[in-house]
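Engineer: structure, please.
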Amino acid sequence: MPIFEYQCSKCRHVTAFLERAEVRHPHRCEKCGSQETKKTISVFAAQSGRSSSSGSTCPTGTCPLS
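Structural biologist: Modelled structure (predicted):
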């Protein structure tokens, strides 16, 4: 299940919820209790399964393994 973030329209606090994509029920702000929340665009990170054989980072900023 993906994590969705909702921002409170009253206090602007962002709360993350783990839910199915098709769920459409209102969420309550964990900070002020308001149900006036809107889904926001979430930032996510992905990690490749590849790693360098030396286990270190490239000091020049350019990696020959990219």
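
Engineer: from now on I want contacts and neighbour counts done on CA atoms only, so please keep to that.
Structural biologist: Fine.

Engineer: tell me the strands beside the helix or strand of the chain with the lowest mean pLDDT, with direction?
Structural biologist: When the helices and strands of the chain are scored by mean pLDDT, DSSP states H and E, strand 14-18 comes last with a mean of 88. Strand 14-18 sits in its sheet next to strand 3-8 (antiparallel), going by DSSP bridges.

Engineer: OK, contacts around the closest residue to Glu5 other than its chain neighbours?
Structural biologist: In this structure, Glu5 finds its nearest non-sequential neighbour in Ala16, 4.2 Å apart by CA to CA, 6 or more residues apart in numbering. By CA atoms under 8 Å, 6 or more residues apart in numbering, the contact set of Ala16 is 3-6.

Engineer: cool, and His13?
Structural biologist: Applying CA under 8 Å, 6+ apart, the residues near His13 are 7, 29, 31.

Engineer: drop anything exposed from those residues.
Structural biologist: 7, 29 (16 or more other CA atoms under 10 Å).

Engineer: what's the closest of the contacts of His13 to Ile41?
Structural biologist: Taking CA to CA as the measure, Gln7 is the one of the contacts of His13 closest to Ile41, at 9.9 Å.

Engineer: if anything else comes up later, I'll come back, but that's it for now.
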